[in-house]
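**Student:** only geometry, no sequence info:
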């Protein structure tokens with residue numbers, strides 16, 4: 001698994017959670033959204049349409065808001081992260097992602113390392129499908145081996161939750177190496193902090209695209225605290241402007 005991850009910059013793990021575990025995640029998420037989301041800090045909650053609560057698209061720092069999510073993050077996901085990176089890891093963020101039917105917007109091409117501000121950029125993100133995901137409702141696309149070529153230029157996108165995206169994506173090398181990654185409930189995708197990835201919008205009239213995300217930094221990675229704080233403040237400012 002580690003060899004494939006290092007070669008391709010991403011890894012698919014079918015059946016990472018079984019059906020019972022996925023059902024437990026969905027029950028807990030539904031309870032959390034109903035009971036806790038109205039009181040969360042606004043910079044931790046993103047909607048496609050702030051006037052329509054059914055268009056919830058992203059939640060940040062779940063592991064800090066409820067210990068159940070913290071236990072989940074520090075279980076099987078953390079163990080796999082340490083195996084793939086080959087080091088101890090520091091859990092950084094647990095997120096909820098959704099693309100509401102018909103209105104879920106594309107996720108712009110980007111590299112997570114641009115947001116993380118690490119030196120060296122030793123980190124990974126995991127994406128756990130909670131329902132069937134395909135190209136219609138916005139599956140993830142990866143550019144194979146793109147993590148080997150360093151950080152590419154990024155600029156503002158206007159996309160809430162993904163404020164920065166690659167400005168030079170789309171050349172022949174990118175497109176020829178890109179691979180769509182459909183997933184079933186319980187399947188997990190893991191990618192390196194420098195792996196280029198994106199997702200289309202949700203064109204389904206009825207299907208959501210719910211998933212959990214986990215971010216882990218290697219203990220060898222040092223955060224550029226000033227750059228990270230500058231980015232955090234700008235992202236929060238953009239979120240407040242849309243509330």
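**Tutor:** Looks like it came in fine. These numbers come from a predicted model, not from an experiment.

**Student:** okay, and the beta partners of the spatially most central residue of the chain?
**Tutor:** Nearest to the geometric centre of the chain sits residue 213, at 4.7 Å (C-alpha atoms, centre = their mean). The bridge-partner assignment for residue 213, based on DSSP bridges, gives residue 95, residue 127.

**Student:** low-confidence bits of the chain, can you list those?
**Tutor:** 161, 235-236, 238-243 (pLDDT under 70).

**Student:** still on that earlier bit, residue contacts, the residue nearest to the centre of the chain?
**Tutor:** Neighbouring residues of residue 213 by C-beta atoms under 8 Å, 6 or more residues apart in numbering: 93, 94, 95, 96, 97, 125, 126, 127, 128. Where C-beta positions appear, they are placed from N, C-alpha and C, glycine not excepted.

**Student:** can you report how many residues lie near the last one?
**Tutor:** Okay, so that is residue 128. Counted with other C-beta atoms under 10 Å, residues neighbouring residue 128 total 26.

**Student:** state the distance from the residue nearest to it when sequence neighbours are not counted to residue 153.
**Tutor:** Nearest residue to residue 128 in three dimensions, chain neighbours excluded: residue 212, at 4.5 Å (C-beta to C-beta, 6 or more residues apart in numbering). Between residue 212 and residue 153 the distance is 30 Å, computed by C-beta to C-beta, to the nearest Å.

**Student:** same question for residue 171.
**Tutor:** Residue 171 sits 13 Å away from residue 153, going by C-beta to C-beta.

**Student:** those two - which one has more neighbours?
**Tutor:** residue 153 (11 against 8).

**Student:** can you pull the contacts of the closest residue to the more buried one other than its chain neighbours?
**Tutor:** Sequence neighbours aside, residue 167 is the residue nearest to residue 153 in space, at 4.7 Å (criterion: C-beta to C-beta, 6+ apart). By C-beta under 8 Å, 6+ apart, residue 167 lies in contact with 152, 153, 154, 155.

**Student:** just read off the phi/psi values of the residue nearest to residue 201 when sequence neighbours are not counted.
**Tutor:** The shortest distance from residue 201 to any non-neighbouring residue, by C-beta to C-beta, 6+ apart, is to residue 106 (4.5 Å). For residue 106, the backbone dihedrals are phi -60, psi 150 (criterion: degrees, to the nearest 10).

**Student:** so how many other residues sit close to residue 106?
**Tutor:** Other residues lying near residue 106 total 16 when counted by other C-beta under 10 Å.

**Student:** helix or strand for residue 165, just tell me which one.
**Tutor:** With elements taken from DSSP states H and E, the one containing residue 165 is strand 162-166.

**Student:** which residues touch that strand?
**Tutor:** The contact list for strand 162-166 (C-beta under 8 Å, 6+ apart) reads 107-111, 114-115, 152-157, 159, 196, 234-235, 238.
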